[in-house]
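**Q** Make a model of this:
(one chain, ligands or ions: 1)
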Amino acid sequence: MRTLLIANWKMHYGPMKAGGWIRAFRRERLPKDLDIAVAVPHVSLAASRASLGRASIPALAAQDAFWAQDGAFTGEVSPSMLLEFGVQFCLVGHSERRIYLGETDEMVGKKAATLQAAGIVPVICVGENEAQLKKGEVSKVLKAQVAAAIASLKPDGKTPFVFAYEPVWSIGTGKPCPPQKAKEAHEIIRSAIQKKFGQSVAEHVRVIYGGSVDAHNISEYVTTTGVNGALVGGASLDPRAFALLCRTANPA
Ligand code: 13P
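**A** Numbering: from 1, shown residues only. Model (predicted):
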């Protein structure tokens with residue numbers, strides 16, 4: 001399975017700065033054996049695409065999409081609109097959206113299914129918060145989040161889906177989840193997928209890790225069985241640092 005690294009700019013870099021990041025990143029030496037994507041704010045998709053031209057490294061990703069293709073949904077952006085920019089991946093259910101915007105498991109499931117139907121790979125973010133970790137509820141939380149997220153997905157493989165395990169307590173805190181703990185969480189996620197779609201589908205779903213990943217710890221994750229890549233926030237804001245992280249993930 002190819003390793004997938006996604007830069008998540010979050011709410012950084014409007015259209016004035018997006019092109020500069022893309023150009024600086026593309027000037028770097030980038031490994032060919034990795035899939036690399038960059039999740040930019042919606043308003044920066046056009047500038048990012050303009051800087052990329054037809055190039056597909058990095059692939060373009062969005063940070064969210066609505067669950068309908070058009071209609072009376074003020075302020076929302078649909079998967080078919082994202083396709084106009086050549087978006088290949090889209091995050092859904094990031095914990096920051098769950099926390100600050102009240103996104104529910106059910107909304108995340110609807111968004112993932114609409115993206116998949118449009119041909120965009122949903123990158124579904126799940127993960128427990130600190131209180132849930134302390135109460136020993138990691139497995140319960142992950143199983144519920146995964147079950148709701150895949151409720152309307154198709155296992156046909158035409159447009160795959162990706163899971164990102166992002167424990168909330170490790171996001172932006174400099175406290176990365178130990179790789180062996182991440183491995184256990186990824187196993188819980190994979191077995192929830194297996195329960196619905198069977199083993200061969202579950203084996204082929206990429207489950208990536210996110211939370212305080214940087215160039216110093218990336219190799220610990222990508223060499224851990226069942227960890228198929230990373231979703232990187234803070235350490236992706238500098239294009240050179242993110243390129244170094246990509247090279248470190250795949251030194252070949
Ligand atoms: P940090 O890498 O800044 O911890 O953020 C992780 C994240 O939320 C990526 O989506």
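**Q** which residue ranges form the strands in the stretch 101-250 of the chain?
**A** 121-126, 162-165, 206-210, 229-232 (DSSP state E, counting those that start in this stretch).
**Q** Format the ones you listed as TSV; extra columns: distance to the ligand and mean neighbour count.
**A** The way it works is simple: take the backbone N, C-alpha and C, and place the C-beta from them, glycine included. Shown next, in TSV, are those (distance: least, C-beta to the nearest ligand atom, whole Å; neighbours: other C-beta atoms under 10 Å):
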stretch	distance to the ligand	mean neighbour count
strand 121-126	7	28
strand 162-165	7	28
strand 206-210	4	27
strand 229-232	4	28
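**Q** so can I have a markdown table of those strands showing mean pLDDT?
**A** What follows is these, written out as a markdown table (pLDDT from 0 to 100):
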| stretch | mean pLDDT |
| --- | --- |
| strand 121-126 | 98 |
| strand 162-165 | 98 |
| strand 206-210 | 98 |
| strand 229-232 | 98 |
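**Q** closest one to residue 78 among the ones you listed?
**A** Closest to residue 78 of these, according to C-beta to C-beta: strand 121-126, at 13.5 Å.
**Q** which residues touch that closest one?
**A** Strand 121-126 has contacts (C-beta atoms under 8 Å, 6 or more residues apart in numbering) with 6, 39, 61, 88-95, 108, 111-112, 115-116, 141-142, 145-146, 149-150, 153, 159-166, 189, 208, 210, 231.
**Q** Mind checking which of these are buried?
**A** Taking 16 or more other C-beta atoms under 10 Å as the criterion, what is buried in these is 6, 39, 61, 88-95, 108, 111-112, 115-116, 141-142, 145-146, 149-150, 153, 159, 161-166, 189, 208, 210, 231.
**Q** so of the contacts of strand 121-126, which ones are in helices?
**A** 95, 108, 111-112, 115-116, 141-142, 145-146, 149-150, 189 (DSSP state H).
**Q** sorry, back to before: same list, the strands of the stretch 101-250 of the chain, but as TSV with distance to residue 183 please.
**A** What follows is those, written out as TSV (distance: least, C-beta to C-beta, whole Å):
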stretch	distance to residue 183
strand 121-126	15
strand 162-165	10
strand 206-210	9
strand 229-232	14
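**Q** What residues sit buried inside the host helix or strand of residue 51?
**A** Here residue 51, judged by DSSP states H and E, is contained in helix 45-52. For helix 45-52, the neighbour count (16+ other C-beta under 10 Å) marks 45, 47-49, 51-52 as buried.
**Q** List the residues that contact whatever residue of the stretch 101-250 of the chain ends up closest to the ligand.
**A** Across the stretch 101-250 of the chain, the shortest distance to the ligand (C-beta to the nearest ligand atom) belongs to residue 233, at 2.4 Å. Contact analysis of residue 233 by C-beta under 8 Å, 6+ apart lists 8, 10, 171-172, 210.
**Q** Now, of those residues, which are buried?
**A** 8, 10, 171, 210.
**Q** got a list of what the nearest residue to the third one once chain neighbours are set aside touches?
**A** Just to be clear, that refers to residue 171. Of all residues not flanking residue 171 in the chain, residue 211 sits nearest, at 5.1 Å (C-beta to C-beta, 6 or more residues apart in numbering). Residue 211 is in contact with 127, 166-167, 169-171, 173, 175-177, counting by C-beta under 8 Å, 6+ apart.
**Q** For the ligand, tell me which of those residues show up nearby.
**A** 166, 171 (C-beta under 6 Å from any ligand atom).
**Q** Would you tell me which residues of this protein are close to the ligand?
**A** Residues of the chain lying close to the ligand (C-beta under 6 Å from any ligand atom) are 8, 94, 166, 171-172, 210-213, 231-235.
**Q** quick one: low-confidence parts of the stretch 101-250 of the chain?
**A** Where the stretch 101-250 of the chain drops to pLDDT under 70, the residues are 157.
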